[in-house]
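# the following comprises the amino acid sequence and a computationally predicted model.
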Amino acid sequence: MTTFVTGATGHVGANLVRALLARGEGVRVLLEPGANPGAIAGLEVERVLGDLRDPAVLERGLAGCDRLYHLAALISLRNRDQQKLFDVNVQGTRNVLAAARQAGVKRAVHCSSFGAIGWRPEGPSDEESLLNPFTCPLDYELCKSLAELEALRACVAGLEVVIVNPSATIGPLDFGPSSFGRTIVRLVTGRLLAYIPGRFDFVPVRDVVSGHLLAMERGRPGERYLLTGRSTSLDEIIDWVTEITGARRPPLRLPLRLVQPALAMKDWLEATLMPSRAPVFTAATARILALGKQGNNEKARRELGLEPSPVQQALWEAMLWYRSQGWFDVEIRDWQAIGAAA
């Protein structure tokens, strides 16, 4: 059996490919231009060089494959990337699923995002929570929501597609590193001088990988499953990191209401004077943290058999990974010593 994976060099993809190989599956990956090949270096995988925007490449890559995991996506907060976000995340999803149907692929798992799930002020969001486009979601979130429509379209056309929606992922093999990883490295090395309090739903990468594998085996076509973990505040994350590394806390804790105007001005200046610069934090992302969006993974646990693992352990594993990459060099205490009161 041959399995095709897009986004294999991303955080979830790097972990998923290794899990598939450990199960004895033959793996073929789409290696996008500019992707970090180190994420799959030394792995026995077939490589297809190309782009989600090239249907011919996808048709060749999917020929002879039985299954598809579609994880590839463009994540960007830059205004000038709106068209590219649509082309890669929406049109690219249509392209790869159309190629999968043509190739006779039996089942596919489409990795969407928790960002494509709507926010419920009265409690955790679930699979029925619709994203309201009038609440000014990130361009990325809107595109991921539209991409789910392409997944459903493909499902109606005959391809068995299951959708999974991971929240913010924590764990090892974060080759990028991700924006979360970069923030953690800055915190440990003393370069994170200020932060804005808030919270979000964080999930161990091992749970996200398990969710993908379970969705392929047990998921109902046309359904989506939240792969969420634990609603965790940034203060808790900082506490955990300082507990296991001895790093100092950032000296400034800035309330959102005080910095929101400054963030809006920063966003405008970057878009106007530095349009090629890719921002890592904006007024919109600060607003998301302030909402404290959290997810309910009951459906994934009930229908897929997903068994959540501790976020604290995932953070510890991520810390070991960052240290192994030489991004910092500190002693790391055992994960069971952190967040004992959580």
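Now that the structure is in, tell me what you want to look at.

# CA only for contacts and neighbour counts going forward, please
Fine.

# list the buried ones in stretch 213-223?
213-216, 219-222 (16 or more other CA atoms under 10 Å).

# stretch 143-150 now?
Buried-residue list, stretch 143-150, by 16+ other CA under 10 Å: 143-150.

# repeat for stretch 103-114
103, 105, 107-114.

# circling back to that earlier point, show only the entries of the buried residues of stretch 143-150 found in helices.
Residues of these located in helices (DSSP state H): 143-150.

# if we can go back for a sec, dump the buried residues of stretch 103-114 into JSON lines; add pLDDT and secondary structure as well.
Formatted as JSON lines, the buried residues of stretch 103-114 follow (pLDDT from 0 to 100; DSSP: H, G, I helix; E, B strand; the rest coil):
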{"residue": "Ala103", "pLDDT": "97", "secondary structure": "helix"}
{"residue": "Val105", "pLDDT": "98", "secondary structure": "coil"}
{"residue": "Arg107", "pLDDT": "98", "secondary structure": "strand"}
{"residue": "Ala108", "pLDDT": "98", "secondary structure": "strand"}
{"residue": "Val109", "pLDDT": "98", "secondary structure": "strand"}
{"residue": "His110", "pLDDT": "98", "secondary structure": "strand"}
{"residue": "Cys111", "pLDDT": "98", "secondary structure": "strand"}
{"residue": "Ser112", "pLDDT": "98", "secondary structure": "coil"}
{"residue": "Ser113", "pLDDT": "98", "secondary structure": "coil"}
{"residue": "Phe114", "pLDDT": "97", "secondary structure": "helix"}
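
# mind giving me TSV with the buried residues of stretch 143-150 and columns for pLDDT and distance to Ala283?
TSV is the format used below for the buried residues of stretch 143-150 (pLDDT from 0 to 100; distance: CA to CA, whole Å):
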residue	pLDDT	distance to Ala283
Cys143	97	19
Lys144	97	20
Ser145	97	21
Leu146	97	23
Ala147	98	25
Glu148	98	26
Leu149	98	28
Glu150	98	29
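
# between those residues, which is nearest Leu273?
Nearest to Leu273, judged by CA to CA, of the buried residues of stretch 143-150 is Cys143 at 25.7 Å.

# list the contacts for the closest one?
85-86, 89-90 (CA atoms under 8 Å, 6 or more residues apart in numbering).

# Glu303 now?
218-219.

# helix/strand/coil for it?
helix (DSSP: H, G, I helix; E, B strand; the rest coil).

# all strands of the stretch 51-200 of the chain, in order?
67-70, 107-111, 160-166, 168-170, 194-195, 199-204 (DSSP state E, counting those that start in this stretch).

# for those strands, which one sits closest to Gly118?
Per CA to CA, nearest to Gly118 of the strands of the stretch 51-200 of the chain: strand 160-166, 11.6 Å.

# run through who's touching that closest one.
Against strand 160-166 from outside (CA under 8 Å, 6+ apart): 106-114, 116-117, 148, 151-152, 154-155, 203, 208, 211-212, 215-216, 219-228.

# gap between it and the chain center?
Going by CA atoms, centre = their mean, to the nearest Å, the spacing between the C-alpha centre of strand 160-166 and its chain's C-alpha centre is 13 Å.

# could I get the buried residues of stretch 103-114 as a markdown table with distance to Ala318?
Below are those laid out as a markdown table (distance: CA to CA, whole Å):
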| residue | distance to Ala318 |
| --- | --- |
| Ala103 | 37 |
| Val105 | 34 |
| Arg107 | 31 |
| Ala108 | 28 |
| Val109 | 25 |
| His110 | 25 |
| Cys111 | 21 |
| Ser112 | 22 |
| Ser113 | 21 |
| Phe114 | 21 |
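
# ok, the residues you listed vs Gly34, which is closest?
Distances from Gly34 to the buried residues of stretch 103-114, taken by CA to CA, are shortest for Cys111, at 20.7 Å.

# re earlier: name the nearest of the buried residues of stretch 143-150 relative to Ser179.
Lys144 (18.4 Å).

# quick one: the helices in the stretch 51-200 of the chain?
55-62, 82-86, 92-103, 139-156, 179-188 (DSSP state H, counting those that start in this stretch).

# check which helices and strands the shortest one sits against.
Contact partners of helix 82-86 among helices and strands, from 3 or more CA pairs under 8 Å, 6 or more residues apart in numbering; DSSP states H and E: helix 139-156.

# could I get the helix it packs on in PDB with only the CA atoms?
Extracted C-alpha coordinates of helix 139-156, given in PDB (Å, rounded to 0.1, in the frame of the first residue of the first chain):
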ATOM      1  CA  ASP A 139      -7.200  35.200   6.100                       C
ATOM      2  CA  TYR A 140      -5.700  31.800   6.800                       C
ATOM      3  CA  GLU A 141      -8.700  30.700   8.900                       C
ATOM      4  CA  LEU A 142     -11.100  31.900   6.200                       C
ATOM      5  CA  CYS A 143      -9.200  30.000   3.500                       C
ATOM      6  CA  LYS A 144      -9.100  26.800   5.600                       C
ATOM      7  CA  SER A 145     -12.900  27.100   6.100                       C
ATOM      8  CA  LEU A 146     -13.300  27.400   2.300                       C
ATOM      9  CA  ALA A 147     -10.900  24.400   1.800                       C
ATOM     10  CA  GLU A 148     -13.300  22.300   3.900                       C
ATOM     11  CA  LEU A 149     -16.000  23.000   1.300                       C
ATOM     12  CA  GLU A 150     -13.700  21.600  -1.400                       C
ATOM     13  CA  ALA A 151     -13.200  18.500   0.800                       C
ATOM     14  CA  LEU A 152     -17.000  18.000   1.100                       C
ATOM     15  CA  ARG A 153     -17.300  18.600  -2.700                       C
ATOM     16  CA  ALA A 154     -14.800  15.800  -3.300                       C
ATOM     17  CA  CYS A 155     -16.700  13.600  -0.800                       C
ATOM     18  CA  VAL A 156     -20.000  14.100  -2.700                       C
END
